[in-house]
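Trainee: below are the sequence and a predicted model for it; my questions follow.
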Amino acid sequence: MPAFPRQELEEMMDLWLATNRTCEAKLDWQPLAELFTEDATYGWNVGPNDEFMAVGRDQIREYALGYEMEGLGGWTYPYQRVLIDDQQGEVLGLWKQIADATREDGTHYEIAGLGGSWFRYGGNRMWSWQRDFFDVGNATAIYIEMIQADALSEGMKQRIERSAGGRQPGHYRVGGAPVGLWDGV
């Protein structure tokens, strides 16, 4: 991995965070795709049997930032910490996942545990590689709690119904994706 000037990586992360906040406000994450190289890969694990991988900017836009974010309008992902490795050209951002829906006591539904994104910088204000991680068990528990409290948005209900119909675009059996989660490390 090539080294990059720390200031350039800091500016890239500032751009990413500002664009992310704008996308959250507009309930549309697809503009984030412009911050990826044409050949970038973006993936994550979804438990013992499933992983997600988008290959190229178009799949990142359509699958990762489109399909995968449908139903999550109103959710926010505030970054808690950002670690920058200028020698490897990599950034690690740790974030929370907070729903706009609230419990009867006024607290927001929030996925417990650590969530994060590991980025590899490709130069020219674009990421070439991103891998996310989150606690699938805690995410499932929050979704179940929200279902039981009838706190899911209509979009989230549709998302759950859609995923019950079979494997969605970009989802593969573990080890079956066109690019492995650890490829390029």
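Mentor: Cool, got the structure.
Trainee: what's the weakest-modelled helix or strand in the chain?
Mentor: Evaluated with mean pLDDT, DSSP states H and E, the helix-and-strand set of the chain has its lowest mean pLDDT in helix 154-164, which scores a mean of 89.
Trainee: what about the longest helix seen in the chain, average pLDDT?
Mentor: The helix that spans the most residues within the chain, counting by DSSP state H, is helix 6-26. Computed over helix 6-26, the mean pLDDT rounds to 97.
Trainee: buried stuff in that helix?
Mentor: Within helix 6-26, the residues that qualify as buried by neighbour count (16 or more other CB atoms under 10 Å) are Leu9, Met12, Met13, Trp16, Asn20, Cys23, Glu24. Bear in mind the C-beta positions are built from the backbone N, C-alpha and C, glycine included.
Trainee: quick check: next helix or strand after that helix?
Mentor: strand 36-45 (DSSP states H and E).
Trainee: next one: that following strand to chain centre, how far?
Mentor: 11 Å (CA atoms, centre = their mean, to the nearest Å).
Trainee: same deal with stretch 3-11?
Mentor: The offset between the C-alpha centroid of stretch 3-11 and the centroid of the whole chain comes to 22 Å, using CA atoms, centre = their mean.
Trainee: one more: stretch 43-52?
Mentor: Here the centre of mass of C-alpha atoms in stretch 43-52, compared against the chain's by CA atoms, centre = their mean, lies 12 Å away.
Trainee: contacts for it, please.
Mentor: 53-54, 63-64, 68, 130-134, 136, 167, 170-174, 176-177, 179, 181 (CB atoms under 8 Å, 6 or more residues apart in numbering).
Trainee: thinking again about what came up before, send over the longest helix of the chain as CSV, restricted to the C-alpha atoms.
Mentor: The C-alpha coordinates for helix 6-26 follow below in CSV (Å, rounded to 0.1, in the frame of the first residue of the first chain):
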residue,chain,number,x,y,z
ARG,A,6,-1.5,12.8,6.2
GLN,A,7,-3.2,16.1,5.3
GLU,A,8,-4.6,14.6,2.1
LEU,A,9,-6.1,11.6,4.0
GLU,A,10,-7.5,14.0,6.6
GLU,A,11,-9.1,16.1,3.9
MET,A,12,-10.5,12.9,2.2
MET,A,13,-12.1,11.8,5.5
ASP,A,14,-13.5,15.3,6.1
LEU,A,15,-15.0,15.2,2.6
TRP,A,16,-16.4,11.7,3.3
LEU,A,17,-18.0,12.7,6.6
ALA,A,18,-19.5,15.9,5.2
THR,A,19,-20.9,14.0,2.2
ASN,A,20,-22.2,11.3,4.5
ARG,A,21,-24.1,13.9,6.7
THR,A,22,-25.6,15.4,3.6
CYS,A,23,-26.7,12.0,2.4
GLU,A,24,-28.3,11.2,5.7
ALA,A,25,-30.2,14.4,5.7
LYS,A,26,-31.5,13.8,2.1
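Trainee: brilliant, that's me finished.
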